[in-house]
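1. starting from these lines, generate the structure:
(one chain, ligands or ions: 2)
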Amino acid sequence: MEQYFLAIDQGTTSTRAILFTVDGQIREVAAAEHRQYHPQPGWVEHSAEEIWSNTSQVIENVMTAAEVELEQLLALGITNQRESVVFWDRETREPLTPVIVWQDSRTQDWLDEHSDTLSAEVKKRSGLPLTAYFSASKISWLLRHDPDLADRAKRGEVCVGTMDTWLLHNLTGGEVFATDVTNASRTMLYNLQEDQWDETLCQLFEIPAEILPQIRPSAGDFGTVTMPECIAGVKITAILGDQQAAAFGQHAVSAGQTKNTYGTGCFLLQNTGTEIPSSEHGLIPTVAYQIGDQPRSFALEGSIAVAGSALQWLRDQVQLVPDTETLVEVAASVDDTGGVYFVPAFSGLYAPYWDTNARGLLIGMTGYTTNAHILRAALESTAYQSVDVLTALADSTGQDLESIKVDGGMAVNDQLLQFQADLLNVPVQRPTVIETTARGAALAAGLGVGHFTDLEDLAELWQLDTEFSPSMDPEERAELLRYWHRAIERTRNWLG
Ligand SMILES: Nc1ncnc2c1ncn2[C@@H]1O[C@H](COP(=O)(O)OP(=O)(O)O)[C@@H](O)[C@H]1O
Ligand SMILES: O=P(O)(O)OC[C@H](O)CO
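-> Ligands and ions are numbered 1, 2, ... in the order given. Model (predicted):
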């Protein structure tokens, strides 16, 4: 009887349930997209109800399609878009607010006004720069804008959490209200040294600590599923934020190993071992994973807000092309961008610039420019942004990279990965399974349930699909990057 792990990957645009064989190969996938709400400029919301109902649905769909019996399922792992938060009723589990999504920048002005009191404390305690990206100011905003919610929060009648916690509480029928260390480390309320919610930060953001979930290791006991019924009784044995899960799925689990995930945004993580890292170059210290009661493993992260979403924007809002397939074809029809640069600073610039006042820019057009040049520039912008993050990484660690493992929805694009290798002058390795986020959650669940004994068991499961070797002339590389940085400079502090 074949055995499986089930992973739920609750992402920014969709929710997937993926059934993995115990050697980390995909057996069956079911996915459902959820709506993106933009009620005001800079605001991004999801419906928690829709996310939970999609989650139940994709679980049912994957189980039906695979014709797998319940006893074949060894464990369930959850991975999720990080930082996005929602409030719900502790008893009924009815959502009380929309999900405020990580990309939402509505709280930036408030943070800027309070930066004198907040900035140093936040950096010292959570390791994070003061930006609207992380959860704390979003939770605080929801409480400040709803007095009834704030009163109920003081009485401990409500719960707040990231998507892992929302799903876990529902999957366990209200039994388990918990998150894991990786998700906690993205809230800006977690003390990185002390490995617990930070009282001072909770006070500064006026968030009662009682409404926050319990923090647990990433692989371990998260209770048992009660619904959906088709998987009732299955143990939940892993939770990881999606970028940490991708690093785990890429087996980037010991110091120096690095992955870059190209999805809606783009997120580079380098494992730094069991010491808390720091960066003077705009990268974020974050928890990479924790297996049971073993010491936590850390990473430096370079977060890029807009990657694949720039392509979606050109497709859906600018309507340059009808679908992604055409977009990829048209972008590949030209050999270069004809001097066009596209900086998709739609939510400001994240790492390594952390400039909330930057805005998007398209520059270098002439009468020769076609839609193909613009599409190609949008595709290449992800590679340029990744170079900036990797430069910051090398500056932070004093070490050059030998190679980088890549994954995510955009990593199917050979043109992008070749350009990335050329710009970085480092080999880019794509594994056979690029759904590494879900894979990481599945394999961590395998550790949590005791199917694997340690990380060594997982090393041999990673398989190379294609290695892209750098082949660009150094002078050409330098010239391309020089113009990219001139474009970046022109976006900086646009609103300031
Ligand atoms: N062939 C392709 N080339 C480049 N980008 C692509 C391609 N196919 C999909 N994408 C981009 O990949 C992104 C989706 O990646 P995915 O990892 O599924 O996203 P997420 O998990 O962040 O929701 C979309 O933004 C889409 O524009
Ligand atoms: O859902 P993704 O893949 O876009 O990832 C979102 C990140 O977790 C945000 O920090």
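2. is any part of the host helix or strand of A378 close to ligand 2?
-> According to DSSP states H and E, A378 maps onto helix 371-397. No: using C-beta under 6 Å from any ligand atom, helix 371-397 stays clear of ligand 2, with a minimum separation of 12.8 Å. Any C-beta I mention is one placed from the backbone N, CA and C, and that applies to glycine too.
3. buried set for that helix?
-> For helix 371-397, burial by neighbour count (16 or more other C-beta atoms under 10 Å) applies to 371-390, 392-393, 396-397.
4. again, but for stretch 361-372
-> Quick answer for stretch 361-372 (16+ other C-beta under 10 Å): 361-362, 364-365, 369, 371-372.
5. which of those sits closest to C202?
-> Proximity of the buried residues of stretch 361-372 to C202 (C-beta to C-beta) peaks at L361, which lies at 38.3 Å.
6. kindly state the beta-bridge partners for that closest one.
-> L361 has these beta-bridge partners by DSSP bridges: V343.
7. how much space between Q317 and S309?
-> If you measure Q317 against S309 using C-beta to C-beta, to the nearest Å, the figure is 10 Å.
8. among those two, which residue is more densely surrounded?
-> S309 (21 against 8; other C-beta atoms under 10 Å).
9. hmm, that one is touching G265, no?
-> Yes: counting by C-beta atoms under 8 Å, G265 is a contact partner of S309 at 7.0 Å.
10. show the model's pLDDT score for the residue nearest to I284 when sequence neighbours are not counted.
-> Nearest non-adjacent residue to I284, counting by C-beta to C-beta, 6 or more residues apart in numbering: E301, 4.7 Å away. Reported pLDDT at E301 in the predicted model: 96.
11. E301 falls within a helix, correct?
-> No: judged by DSSP: H, G, I helix; E, B strand; the rest coil, E301 forms no part of a helix; its state is strand.
12. three-state assignment of the residue of the chain most remote from its centre?
-> Using C-alpha atoms, centre = their mean, the residue of the chain lying farthest from its centre is G367. It sits 38.6 Å away. Assigned with three-state DSSP, G367 falls in the coil class.
13. ok, back up a step: what about the next helix or strand after the helix holding A378, average pLDDT?
-> Going down the chain from helix 371-397, the next helix or strand is strand 404-407, by DSSP H and E. Averaged across strand 404-407, pLDDT comes to 96.
14. so which residues on this structure come close to ligand 1?
-> Contact residues (C-beta under 6 Å from any ligand atom) of the chain with ligand 1: 11-14, 263-264, 308-309, 311-312, 324, 328, 408-410, 412-413.
15. one more time with 8 Å, if that's ok
-> 9, 11-14, 81, 242, 261-265, 307-312, 315, 324-325, 327-328, 379, 407-413, 415-416, 437 (C-beta under 8 Å from any ligand atom).
16. among those, which are in helices?
-> Among the residues of the chain next to ligand 1, DSSP state H puts 242, 308-312, 315, 324-325, 327-328, 379, 415-416, 437 in helices.
17. quick check on those: which are buried?
-> Burial by neighbour count, judged by 16+ other C-beta under 10 Å, picks out 242, 308-311, 315, 327-328, 379, 416, 437 from those.
18. tabulate the residues you listed in JSON lines, adding columns for pLDDT.
-> As requested, those are exported to JSON lines (pLDDT from 0 to 100):
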{"residue": "D242", "pLDDT": "96"}
{"residue": "G308", "pLDDT": "95"}
{"residue": "S309", "pLDDT": "92"}
{"residue": "A310", "pLDDT": "96"}
{"residue": "L311", "pLDDT": "96"}
{"residue": "R315", "pLDDT": "96"}
{"residue": "L327", "pLDDT": "97"}
{"residue": "V328", "pLDDT": "96"}
{"residue": "L379", "pLDDT": "97"}
{"residue": "L416", "pLDDT": "97"}
{"residue": "T437", "pLDDT": "95"}
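19. just those now: which is nearest V340?
-> Within these, the smallest distance to V340 is 11.5 Å, found for L379 (C-beta to C-beta).
20. if I look at that closest one, how far off is Q193?
-> According to C-beta to C-beta, L379 and Q193 sit 40 Å apart.
21. shouldn't L6 be within a helix?
-> No: assignment of L6 by three-state DSSP gives strand, placing it outside any helix.
22. show me what from the stretch 151-300 of the chain comes close to ligand 2.
-> 186, 241-243, 261, 263-265, 267.
23. from those, which is closest to K123?
-> Of all those, R186 has the smallest distance to K123: 14.9 Å, by C-beta to C-beta.
24. and that closest one, which helix or strand is it part of?
-> Here R186 is assigned to no helix or strand, by DSSP H and E.
25. who touches the nearest residue to it once chain neighbours are set aside in this structure?
-> Setting aside the residues directly before and after it, R186 is nearest to R82 in space (C-beta to C-beta, 6+ apart), at 4.4 Å. Going by C-beta atoms under 8 Å, 6 or more residues apart in numbering, R82 touches 102, 162, 182-183, 186, 241-243.
26. among those, who's most crowded?
-> Using other C-beta under 10 Å as the neighbour criterion, G241 leads the contacts of R82 with 33 neighbours.
27. specify the beta-bridge partners of that one.
-> For G241, the beta-bridge partners are N80 (DSSP bridges).
28. isn't it up against R186?
-> Yes: with contact defined as C-beta under 8 Å, G241 counts as touching R186 (6.0 Å).
29. where do the contact lists of those two overlap?
-> Shared contacts of G241 and R186 (C-beta under 8 Å, 6+ apart): 82, 162.
30. secondary structure element for I236?
-> Per DSSP H and E: strand 236-241 holds I236.
31. show me what that strand is packed up against.
-> Packed against strand 236-241 by the contact rule (3 or more C-beta pairs under 8 Å, 6 or more residues apart in numbering; DSSP states H and E) you find strand 73-80, helix 163-171, strand 178-180, helix 181-184, helix 436-448.
32. quick one: it to helix 163-171, angle?
-> Between strand 236-241 and helix 163-171, the angle comes out at 150 degrees (axes from the mean of the first three to the mean of the last three C-alpha atoms, to 10 degrees).
33. quick one: average confidence on strand 236-241?
-> The model assigns strand 236-241 a mean pLDDT of 98.
34. again with stretch 358-368
-> In this model, stretch 358-368 has a mean pLDDT of 97.
35. what's the answer for stretch 147-159, then?
-> Stretch 147-159 shows a mean pLDDT of 96.
36. mind listing what's buried in it?
-> 149-150, 152-153, 158-159.
37. what sits against the residue in the stretch 251-400 of the chain that ligand 1 sits nearest to?
-> Closest contact between the stretch 251-400 of the chain and ligand 1, by C-beta to the nearest ligand atom, is at G308 (2.3 Å). G308 makes contacts with 262-266, 382, 408-410, as judged by C-beta under 8 Å, 6+ apart.
38. what's the PyMOL line that selects buried ones from those?
-> To isolate the buried ones among those in PyMOL, judged by 16+ other C-beta under 10 Å, type:
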select buried, resi 262+263+264+265+266+382+408+409+410
